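> got a sequence here, can you model it:
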Amino acid sequence: MNSNSRRSAVIWLNDRLVATQDAVIPVSDRSFLLGEGVFETIRTQNGKSIALDRHLKRLRKGATVLEINIPKDDFIRSAVSEVLIATKEILVGRMRITISGSGNLVITHTSYTPWSEPAGVVTYPFPLNERSLLANVKSTSYATSLSAHKYATARNADDAILFGFKGQLAEASTANIFLLIGNKLLTPNLDSGALPGITRELLLEWGLAQEAELNFDDLAKAEGALLSSSLRHLQPINRINARSFKVNKRIEEIMSSFTEQLSANLNP
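Presented below is the predicted three-dimensional model:
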């Protein structure tokens, strides 16, 4: 492959790099027709993917639930490396690995601008089905999260908080949510229907947070709050519905500790 073709080949499709305009899948693909597929969104820094092994593990677990055949991890790692090389001008990026229900593999990589301000969130009035087979799967069936995010945007908020049918706090539409209560950083357990986020997983493993059963009333008790995702990492919250508050010092300490530990190992 010559250098000119490599520069234009910014998308991986199945087994090769292709130019964006040539990256097509059949209209018969099950992801297009039925929303069947799994995906991972990964932050990159200076040509390196963050927590790739954990993302691949979750990708494979989700594919197993949906009975989708996916390539071996080593093949996907190699494809990720090819994409990173082909888009080496990207300093901070958003990489998405998608496996469609028909088995098509697509990897994209675009620039990502990190957040610069705390987030404002609103509560979403429609319940999340915590008993769904897809509750803990990062699936391309994304209508619920997309609708919730549109709801937030229409109300000048950055994200929406979702609750399960029993009223338990679950997650935000594009992130996991954490509440600081009694100087403890708490996040809903997975029984709530929350996605097992990679950043969430690291916060728990590193002893910076713990799981709890939370509900709507706990929002008023929170001394601070934050959102976590692979792209944003940790973003403090300064508004929940009509209630505004300053970013808590303990939240800042947790964010600093997380950044320090992740910087020491980008594939923890």
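> hey, where'd the helices end up in the stretch 151-268 of the chain?
All helices of the stretch 151-268 of the chain, identified by DSSP state H, counting those that start in this stretch, fall at 198-205, 216-221, 249-264.
> residue 114 is nearest to which of those helices?
helix 249-264 (11.5 Å; C-beta to C-beta). Any C-beta I mention is one placed from the backbone N, CA and C, and that applies to glycine too.
> next, the angle from the closest one to helix 198-205.
Counting by axes from the mean of the first three to the mean of the last three C-alpha atoms, to 10 degrees, helix 249-264 lies at 100 degrees to helix 198-205.
> what distance separates helix 249-264 from the centre of its chain?
Between the centre of helix 249-264 and the centre of its host chain there is 19 Å, according to C-alpha atoms, centre = their mean, to the nearest Å.
> other residues contacting that helix?
When contacts are taken as C-beta atoms under 8 Å, 6 or more residues apart in numbering, the neighbours of helix 249-264 outside the stretch itself are 50, 180, 183, 185, 199, 202-203, 206, 208-209, 223-226, 233-234, 236, 268.
> do stretch 96-107 as well
Contacts of stretch 96-107 with the rest of the structure, by C-beta under 8 Å, 6+ apart, involve 11-15, 23, 25-26, 28-32, 34, 36-42, 55, 59, 63, 66, 68-71, 76, 79-80, 83, 95, 108-109, 140.
> now do stretch 67-77
For stretch 67-77, the surrounding residues in contact (C-beta under 8 Å, 6+ apart) are 36-38, 52, 56, 59-60, 63, 79, 97, 99-101, 103, 105, 107.
> before we move on, which element is residue 41 in?
Residue 41 belongs to strand 37-45 when elements are defined using DSSP states H and E.
> just checking, next helix/strand downstream of that strand?
Next along the chain from strand 37-45, counting by DSSP H and E, comes strand 48-49.
> quick one on the thing from earlier: out of the helices of the stretch 151-268 of the chain, which is closest to residue 134?
Judging those by C-beta to C-beta, what sits closest to residue 134 is helix 198-205, at 17.7 Å.
> count the neighbours of residue 265 for me.
Applying the criterion other C-beta atoms under 10 Å, we find 9 residues in the vicinity of residue 265.
> let me redo that: residue 106
Using other C-beta under 10 Å as the criterion, the residues surrounding residue 106 number 20.
> same check, this time on residue 81
Using other C-beta under 10 Å, residue 81 has 14 neighbouring residues.
> for the helix or strand that contains it, which positions count as buried?
Using DSSP H and E, the secondary-structure element containing residue 81 is helix 73-86. By 16 or more other C-beta atoms under 10 Å, the buried positions in helix 73-86 come out as 76, 79, 80, 82, 83, 84, 86.
> returning to that earlier point: show the buried residues in the contacts of stretch 96-107.
For the contacts of stretch 96-107, burial is judged from neighbour counts taken by 16+ other C-beta under 10 Å, and it is met by 11-13, 23, 25, 29-32, 36-42, 55, 59, 63, 66, 68, 70-71, 76, 79-80, 83, 95, 108-109, 140.
> follow-up on the earlier one: same for the strand holding residue 41, what does it pack against?
Packed against strand 37-45, as judged by 3 or more C-beta pairs under 8 Å, 6 or more residues apart in numbering; DSSP states H and E, are the following elements: helix 52-66, strand 92-100.
> please identify the most buried of those.
strand 92-100 (a mean of 21; mean count of other C-beta atoms under 10 Å).
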